[in-house]
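Asks: just coords:
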């Protein structure tokens, strides 16, 4: 029972980390585009 909970928790954490990475990447790309436009 607990083990499953940990697995689910880990998966959620991993997806959160991936989401954060994606957001950071998008942010960086936007900044790059913006600086090129200026």
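Replies: Sure thing, it's come through. All values reported here derive from a predicted model rather than from experimental measurement.
Asks: so what's residue 8 scoring on pLDDT?
Replies: Per-residue pLDDT puts residue 8 at 84.
Asks: scratch that, residue 1 is what I was asking about
Replies: The model reports residue 1 with a pLDDT of 61.
Asks: Look up how far residue 32 lies from residue 38.
Replies: Residue 38 sits 11 Å away from residue 32 when distances are taken as C-beta to C-beta, to the nearest Å. C-beta: built from backbone N, CA, C; applies to glycine.
Asks: higher neighbour count, the two?
Replies: Neighbours were counted for residue 38 and for residue 32 using other C-beta atoms under 10 Å; residue 32 has more, 10 against 5.
Asks: which SSE is that one in?
Replies: Element membership of residue 32, judged by DSSP states H and E, is helix 2-37.
Asks: quick one: that helix to chain centroid distance?
Replies: Distance of helix 2-37 from its chain centroid, counting by C-alpha atoms, centre = their mean, to the nearest Å, is 0 Å.
Asks: Show me which positions of that helix end up buried.
Replies: Along helix 2-37, no position meets the burial threshold by neighbour count (16 or more other C-beta atoms under 10 Å).
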